[in-house]
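Asks: sequence-free structure coming up:
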């Protein structure tokens, strides 16, 4: 029976989390696999989530003075090579354009994997005086990285993102902007996506190619693995020196600008899925859900049912709620499964008996709870429930993060925790890259960040026993 | 003196229209030339116009049931070659990716010049039953065409656009959607951009590669040249047959889908500039202007001036007007020139004397008219003036289109008009491609469209003398 297929086809998350994930992204119709290897088609249900993310983030950006621009998608090879660390980081994973039309290019170009070099090339002409600073530009675009292993949203050869690139007169201002944008990301994740994150700084080994310092927000997925969800980089004057971006200060001296960049991508949709989802499918926080309420008529052929369902939907729309009336010829049970699979936060069930009794049933996607509500209270109840769901989803995610964050005080405990548990492990570290590399080699565990909120858990490095320098969040990551 | 430079640097449009155009796009800071050959940097003032275009068009699209998606940016060569006419049209002007990372690709891929082939490849799996139809998808993205001669916005190797791609059960439905989207474009140009357009069908020679019929909106620039401003194509079942996109109809028979596509690009920003601009720079219709009102304090150091200017700006913002307060340390004269150059529809001048008299001066960018307004009337007057400007700009553009559209009844008149006048020439045509090609060869004139509104101007083709089939708008075009 076609109607049962939708539900039967999902792998349980405890059985095989990776399979569960790909089942959800396809069954919830977020993406389709494409015949362009390593690239995906983002379908309407997936793209609508990205549109909401864009709207919400873009508004927050603009409140801090960000202006949007658009740079070319190609980087001539010579330009990519100007900053030594940067080219080493990216050259092995770019796509090269070698022919334009029928003729070979004089200089090959890569499709941008990130646009630092293009912004620098632009800023070197556009910035002359202290009056031209700061520049706080951002672009929404797609970028390409030639990954070998790909997974929808999490790692894809092409993905959508925003990349901010700023130039400042002083070191302090650049550092303040770097941290400000990390805060924007963290607040956005918490308030809109109901995802709590750990804010911190990346180690030297894990920082961005060409950066002085990289800051990150790290989220914990349902399976206990970490997902780097947004990063903000302070470049100091490294790029400015490589590209010659100088301004004349108030005392008429030439100075290099201080730069930052920061980005968040469609990868975050993977986080939404893996933080909130369950065995019935996706669970979308109301603030980001393209459809917040599904109105599903029961026995819709019966007199007055469709009309009533439709008027409920219209009333809610007028109140600014995003509503979908499902009046297709599928059975109510099938429609319920579909609404659950797609993660729509609330559904309203309304049939002839309900109408007779002046009531309807509202069902919460996050808890499965069913509430009988009189018809004249629906308009007041729905916004209230959406608020509750948003708050409760955050609380549950916070609880999960809390109960899956462990502390290790010595090597034995550290190894045992990663053998037996899945989650973050907080532990002291000596600060040496060699030690960090050894941990990765031995245990497939990476440093996620040195959190802002430092604690003193032990005097020595949990792995090598040298003097402890920093507390680090360690984890296995996507 | 630095302050005069801004104005002095603009070439007069009557002296050299092409130079005037490039002066405006750079001095109004819409774009910067990039070191990536043939590509441009769209700066904040330019990108903000595109954002407003996107918002306005996207809203109109969604009202007609359009859903947004995102397809990969690469097209494998084999996929591009599936539809014969299409590949012939585009293969000579695409950029080829031949290497991914350090390794050569097994099959080279082009960067999308347009995405028909990608949508078809997706639809062939996604569409099975009549229940899956229609598909009315759109994407906002950038595309690449390896042009030899480039000009900002008008012809660029990379440009931003939207491309809609739809699939329908019947021929009638596909034709209705093709025309509906052309109407959306035409209404948008008229209502938002204050640009009147001629709607019509392209000849066989000028239609899109792979289309059964292409419809177009053609606008007339200030210099009398035409600009194709948006197109909508009916593909019939051609692509469906090439790609095998079939659905099972209600009677359980396999049928090919009928497809359309339609696009509008950043090229339209070129139209805004060339329809409305003047020797002081850009003139933006209020509905699309990122800043609608510039508030410019006079003697801003004087007590109370900045405070008053700022409170006027705040009040207008509260009323939903897009306002910029220019409190930089430039002189008022310089700020006026800058506001004019950037095409901001209104400026408010406010100084100590004005405040004393409880008044301010409002200046219209479109006419230069200065109006003295009492301070308590500003909030009521500004929306009124913005409305008038929007209407008047459209009226002037309509008048220009009318006075620069000519009729030719025979070959002599046709040739004479194109030798002496600049504009559209309406004339009868035999319907033969050979004749159309001869006209292009002899006079560098192309058929712009066969307008919906047909007239009978003569019995014979204006150029070859054979029996007339259609009335055509002819012109020289960008």
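Replies: Nice, I can see it. Computed from a predicted model, the values in this text were never measured in an experiment. Numbering: from 1, shown residues only, chains lettered A, B, ... in the order given.

Asks: output the below-cut-off pLDDT ranges for chain A.
Replies: When residues are selected by pLDDT under 70, those of chain A lie in A:1-8.

Asks: please repeat the previous calculation with a cut-off of 80.
Replies: The model of chain A has pLDDT under 80 over residues A:1-9.

Asks: need the longest helix for it.
Replies: helix A:378-403 (DSSP state H).

Asks: helices and strands around it, which ones?
Replies: Counting contacts by 3 or more CB pairs under 8 Å, 6 or more residues apart in numbering or on different chains; DSSP states H and E, helix A:378-403 is packed against helix A:267-276, helix A:305-318, strand A:346-350, strand A:359-364, strand A:370-374. No exception for glycine: its C-beta is placed from N, CA and C like everyone else's.

Asks: distance to chain B for these - can I get that in CSV?
Replies: Shown next, in CSV, are these (distance: least, CB to the nearest CB, whole Å):
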stretch, distance to chain B
helix A:267-276, 12
helix A:305-318, 13
strand A:346-350, 21
strand A:359-364, 26
strand A:370-374, 30
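
Asks: with mean neighbour count added, can I get those in JSON lines?
Replies: Conversion of those to JSON lines gives the following (neighbours: other CB atoms under 10 Å in any protein chain shown):
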{"stretch": "helix A:267-276", "mean neighbour count": "24"}
{"stretch": "helix A:305-318", "mean neighbour count": "17"}
{"stretch": "strand A:346-350", "mean neighbour count": "23"}
{"stretch": "strand A:359-364", "mean neighbour count": "19"}
{"stretch": "strand A:370-374", "mean neighbour count": "12"}
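
Asks: who wins for proximity to residue B:238 among those?
Replies: Of all the helices and strands packed on helix A:378-403, helix A:267-276 sits nearest to residue B:238, with 35.2 Å by CB to CB.

Asks: and the next helix or strand past that closest one?
Replies: Along the chain past helix A:267-276, the next helix or strand (assigned with DSSP states H and E) turns out to be strand A:293-297.

Asks: and that following strand, which residues are buried?
Replies: A:293-297 (16 or more other CB atoms under 10 Å in any protein chain shown).

Asks: now do that strand and strand A:346-350, the angle between them.
Replies: With axes from the mean of the first three to the mean of the last three CA atoms, to 10 degrees applied, the angle from strand A:293-297 to strand A:346-350 works out at 20 degrees.

Asks: which residues sit against strand A:293-297?
Replies: A:305-306, A:308-310, A:312-313, A:316, A:321-327, A:332, A:335-336, A:339, A:344-351, A:382, A:386 (CB atoms under 8 Å, 6 or more residues apart in numbering or on different chains).

Asks: try stretch A:165-178
Replies: A:115-116, A:119, A:123, A:127, A:130, A:133-138, A:213, A:215, A:232-236, A:240, A:245, A:247, A:249, A:255, A:257-262.

Asks: those residues in helices, which ones?
Replies: Using DSSP H, the contacts of stretch A:165-178 in helices are A:116, A:119, A:123, A:240.

Asks: would you mind giving these as CSV with neighbour count added?
Replies: Output for these, formatted as CSV (neighbours: other CB under 10 Å):
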residue, neighbour count
A:116, 28
A:119, 27
A:123, 24
A:240, 22
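
Asks: turn those residues into a markdown table, columns for distance to chain B.
Replies: Shown next, in a markdown table, are the ones in helices among the contacts of stretch A:165-178 (distance: CB to the nearest CB, whole Å):
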| residue | distance to chain B |
| --- | --- |
| A:116 | 14 |
| A:119 | 9 |
| A:123 | 10 |
| A:240 | 17 |
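
Asks: one step back: need the buried ones from the contacts of stretch A:165-178 selected in ChimeraX.
Replies: Filtering the contacts of stretch A:165-178 down to the buried ones (16+ other CB under 10 Å) takes a single ChimeraX command:
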select /A:115,116,119,123,127,133,134,135,136,137,138,213,215,232,233,234,235,236,240,245,247,255,257,258,259,260,261,262
